[in-house]
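> Please work out how this folds:
(2 chains)
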There are 2 protein chains.
Amino acid sequence: MTIFNQITLIGMGLIGSSLARAIIENKVTDRLVGCDINDDHCQTARELKLADHITSDPVKAVQGADLIILATPVGAYADLGKLLCPEMKEGAILTDVGSVKASVVKALSPHMRSDCHLIPGHPVAGTEQSGPEAGFASLFEGRWCILTPPEGTNPDKVKQLEKFWQALGSKVEHMTPDHHDMVLAITSHLPHLIAYNIVGTARHLEEVTKSEVIKYSAGGFRDFTRIAASDPTMWRDVFLNNKKAVLEMLGRFSEDLTALQRSIRYDEGDKLFELFDRTRRIRQQIIDAGQEEDVADFGRHQDD
Amino acid sequence: MTIFNQITLIGMGLIGSSLARAIIENKVTDRLVGCDINDDHCQTARELKLADHITSDPVKAVQGADLIILATPVGAYADLGKLLCPEMKEGAILTDVGSVKASVVKALSPHMRSDCHLIPGHPVAGTEQSGPEAGFASLFEGRWCILTPPEGTNPDKVKQLEKFWQALGSKVEHMTPDHHDMVLAITSHLPHLIAYNIVGTARHLEEVTKSEVIKYSAGGFRDFTRIAASDPTMWRDVFLNNKKAVLEMLGRFSEDLTALQRSIRYDEGDKLFELFDRTRRIRQQIIDAGQEEDVADFGRHQDD
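From the prediction side, this is the model:
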């Protein structure tokens, strides 16, 4: 179902290249233009036939596009906005896939033209891998895409962007940028921070060798290494651009952890049991909501 | 390959019932006796034919056994040792599968007879599920089993126990109890504590609703809910019985997290990038060591 005449993707990493595949598979545009400032990514994207035209020049890439999707680290948005907004076609939509939203509005708004439409977005989907080879068309199926249209945005344009995400298999929700950043701070940003931190702590231990950390990682540690293997540039930008909400969530996490530490120190077995018993149930709710597969141990033993 | 004439399993939960299945499949004993003080577990174990004889009486269960394996929460060991040691056959081995080792030695040693052999053990394997239905025979394949035989233990008995674990597909390593407890504190106990804690923190947020936590959990949070769904009794006992090493690791983790928090607050992007880049590599090393499957996102999109 064609929704746009031309879509331009800026950034052909995991998310950009997954979008390219999903856009082609679902035939949502007549013409797809891909862009990446990394020449190797362009070359790979060409070999994988991820778009009708692939260029390393973002200015050329946006020309004629009805929908422009930024899929770069969010730290690049301000420069991109300045560069690309003057080139946009009248009536075009500028959206993105960044994991933070308030700072995106702040970075792009000053450059937006009144005859174009800024509708920031965030598909809550991904893997720990990076680059154009890592993408796949079904990444967005069954996942939520959060849109944060500024007040007064043309509702037809919002509806058109919603249709786009639905065509890729996503469910769409609206939020204010601030609420988005608060929700994602707990459901995504803090988990990444904690995972990065524990893997970092494990590397520093002199009493425990690195080979022991690896050998016995099946005791739980290996789970954390997955998200601690995520793209470092993307995540640096997320933390620098959602500082307030991340520090707030981190403060709560640390308070709770201190209380837990105290329960261990003073042998408060009842308090430990009570917490561990309550947390058990939330996984089943996530499975029931279709946001996780119903298999033990992430299906690691599925072939048994 | 028969290694023992009779094996008795005390506890028929996830680990005990997986052992039962693996023991039967690999024919390592002529006779297998299973025991669980929970009558429902006994009934289920009988229906699943998990042993030649299943009883809820541990005293009867150990009679005639050459190998007795404790697979209950470690908090029950002291009482079990007192009850079972007088009933053990001369020359029998008493082992266990507990996630802590120094406190196991302390709980069981006072009851051990000089004509029997205490060889504590810990197979580093499991899932977040519990009970006799959750077990499966291949749980121990390719995983490490750590034995902590006290100094002076009969080497033939140690070798016999090693053969047992190898027959189930495990690799065997020896450690002192204290070193084991330090290594597992970082590779298993701290990861569980952190996971329990973040799931607990998420439940308390009033600005973010519980349904939002569930809807957007694919951003990273859902990974943590897996190990936070582990057995509450088992994990209460682990933390109470490995207090010193857990508090030590937790102290280091919290220091590192405070440094990371400071880097976010003061926009130290270089420091964030450096950490995130280093942690990325450790996952590949775990995959290379055969302790994790080489698939993106835990294989959640394997059917794509």
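
> And the residue of the stretch 51-200 of chain A that's closest to chain B?
residue A:188 (2.9 Å; Cβ to the nearest Cβ). Where C-beta positions appear, they are placed from N, C-alpha and C, glycine not excepted.

> Touching the longest helix seen in chain A from outside, list them.
Selection of the longest helix in chain A by residue count, based on DSSP state H, yields helix A:243-265. Contacts to helix A:243-265, defined as Cβ atoms under 8 Å, 6 or more residues apart in numbering or on different chains, come from residues A:181-182, A:184-186, A:189-190, A:193-194, A:239, A:268, A:271-272, A:275, B:193-194, B:196-198, B:200-201, B:204-205, B:239-240, B:243, B:246-247, B:250, B:254, B:257-258, B:261, B:264-265, B:267.

> Among those, name the buried ones.
Neighbour counting by 16 or more other Cβ atoms under 10 Å in any protein chain shown classes A:181-182, A:184-186, A:189-190, A:193-194, A:239, A:268, A:271-272, A:275, B:193-194, B:196-198, B:200-201, B:205, B:239-240, B:243, B:246, B:250, B:254, B:257, B:261, B:264 among these as buried.

> sorry, back to before: distance-wise, check the residue of the stretch 51-200 of chain A closest to chain B relative to residue A:205.
27 Å (Cβ to Cβ, to the nearest Å).

> just residue A:265 next, same as before
Distance of residue A:265 to residue A:205, given as Cβ to Cβ: 21 Å.

> now the longest helix of chain A against helix B:243-265, angle please.
Computed by axes from the mean of the first three to the mean of the last three Cα atoms, to 10 degrees, the angle separating helix A:243-265 from helix B:243-265 equals 170 degrees.

> where does residue A:67 fall, phi/psi-wise?
Dihedral pair for residue A:67: phi -140, psi 130, per degrees, to the nearest 10.

> That one: neighbour count?
24 (other Cβ atoms under 10 Å in any protein chain shown).

> so it touches residue A:5, yeah?
No: checked against Cβ atoms under 8 Å, the pair residue A:67 and residue A:5 is beyond contact range at 9.1 Å.

> what residues do these two have in common as contacts?
In contact with both residue A:67 and residue A:5: residue A:29, using Cβ under 8 Å, 6+ apart.

> Which residue ranges make up the domains of chain A?
Listed by automatic domain parsing, the domain ranges of chain A are A:4-175, A:179-291.

> Take those domains and write them to JSON lines, including distance to residue B:54.
Output for the domains of chain A, formatted as JSON lines (distance: least, Cβ to Cβ, whole Å):
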{"stretch": "domain A:4-175", "distance to residue B:54": "42"}
{"stretch": "domain A:179-291", "distance to residue B:54": "27"}
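
> quick one, which of those domains is nearest to residue B:286?
With Cβ to Cβ, the closest approach to residue B:286 among these belongs to domain A:179-291: 5.0 Å.

> what distance separates the closest one from the centre of its chain?
18 Å (Cα atoms, centre = their mean, to the nearest Å).

> tell me the average confidence for it?
Per-residue pLDDT over domain A:179-291 has a mean of 95.

> could you say what helices and strands the strand or helix carrying residue A:285 packs with?
If you go by DSSP states H and E, residue A:285 is part of helix A:269-288. Counting contacts by 3 or more Cβ pairs under 8 Å, 6 or more residues apart in numbering or on different chains; DSSP states H and E, helix A:269-288 is packed against helix A:243-265, helix B:190-204, helix B:210-215, helix B:221-227, helix B:232-241.

> contact partners of the shortest one?
The list of residues contacting helix B:210-215 from outside it, by Cβ under 8 Å, 6+ apart, reads A:144, A:173, A:183, A:186-187, A:282, A:285-286, A:289, A:291, B:202-203, B:205, B:221.

> between those residues, which is nearest residue B:154?
residue A:282 (47.5 Å).

> contacting residues for that closest one?
B:199, B:202, B:203, B:213, B:214, B:225, B:228, B:229.

> try 10 Å this time
Contact analysis of residue A:282 by Cβ atoms under 10 Å, 6 or more residues apart in numbering or on different chains lists B:199-200, B:202-203, B:210, B:213-214, B:217, B:221-222, B:224-225, B:228-229.

> so where's the stretch 1-150 of chain A uncertain?
The model of the stretch 1-150 of chain A has no residue with pLDDT under 70.

> mind listing the strands for it?
A:4-10, A:29-35, A:53-55, A:67-70, A:93-96, A:117-118, A:121-123, A:144-147 (DSSP state E, counting those that start in this stretch).

> Give me every residue in the stretch 1-150 of chain A lying close to chain B.
Within the stretch 1-150 of chain A, the positions lying close to chain B (Cβ under 10 Å from any Cβ of the partner chain) are A:14, A:75, A:99, A:122-130, A:134, A:136-139, A:141-144, A:146.

> what's the closest of the contacts of residue A:282 to residue A:30?
For those, the nearest to residue A:30 is residue B:217 (36.0 Å; Cβ to Cβ).

> Let me know how buried residue A:187 is, in neighbour terms.
24.

> what do you get for residue A:69?
23.

> Residue A:156 too?
9.

> Help me confirm that it comes into contact with residue A:119.
No: applying Cβ atoms under 10 Å, one finds residue A:156 not in contact with residue A:119, separated by 11.4 Å.

> quick revisit: out of the domains of chain A, which comes closest to residue B:26?
domain A:179-291 (20.1 Å).

> Can you tell me the SS state at residue A:162?
helix (DSSP: H, G, I helix; E, B strand; the rest coil).

> Chain neighbours aside, what residue packs nearest to it?
residue A:172 (4.7 Å; Cβ to Cβ, 6 or more residues apart in numbering or on different chains).

> could you point out which element follows the host helix or strand of that neighbour?
Residue A:172 is part of strand A:171-174, with elements assigned from DSSP H and E. Per DSSP H and E, strand A:171-174 leads on to helix A:177-184 as the next helix or strand towards the C-terminus.

> And that following helix, what does it pack against?
If you count contacts as 3 or more Cβ pairs under 10 Å, 6 or more residues apart in numbering or on different chains; DSSP states H and E, helix A:177-184 packs onto helix A:102-108, strand A:121-123, strand A:144-147, strand A:171-174, helix A:232-241, helix A:243-265, helix B:210-215.

> Could you export that helix as CSV, CA atoms only?
C-alpha atoms of helix A:177-184 as CSV (Å, rounded to 0.1, in the frame of the first residue of the first chain):
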residue,chain,number,x,y,z
PRO,A,177,8.1,14.4,24.6
ASP,A,178,8.6,14.8,28.4
HIS,A,179,6.4,11.9,29.3
HIS,A,180,8.1,9.8,26.6
ASP,A,181,11.5,10.6,28.1
MET,A,182,10.3,9.6,31.6
VAL,A,183,8.8,6.3,30.5
LEU,A,184,11.8,5.3,28.3
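
> Relative to the whole chain's centre, how far out is that helix?
Centre to centre, stretch against its chain (Cα atoms, centre = their mean), the figure for helix A:177-184 is 13 Å.

> Wait, a strand at the residue of the stretch 51-200 of chain A closest to chain B?
No: assignment of residue A:188 by three-state DSSP gives helix, placing it outside any strand.

> Grab the nearest non-local neighbour of it.
residue B:219 (2.9 Å).

> Just the buried ones out of the contacts of residue A:282, please.
If we count by 16+ other Cβ under 10 Å, the contacts of residue A:282 have these buried: B:199, B:200, B:202, B:213, B:214, B:217, B:221, B:222, B:224, B:225, B:228, B:229.

> right, and the third one touches residue A:190 too?
By that I understand residue B:202. Yes: the pair residue B:202 and residue A:190 passes the contact test of Cβ under 10 Å, sitting 8.6 Å apart.

> Identify the contacts common to these two.
What both residue B:202 and residue A:190 touch, as defined by Cβ under 10 Å, 6+ apart, is the set A:249, A:252, A:253, B:221, B:224.

> how much space between residue A:147 and residue B:171?
50 Å.

> typed the wrong thing, it's residue A:212
13 Å.

> Cross-check the contact I'm expecting between residue A:236 and residue B:276.
Yes: using Cβ under 10 Å, residue A:236 makes contact with residue B:276 at a distance of 6.3 Å.

> so what's residue A:96 closest to, chain neighbours aside?
Closest to residue A:96 by Cβ to Cβ, 6+ apart is residue A:70, at 3.9 Å.
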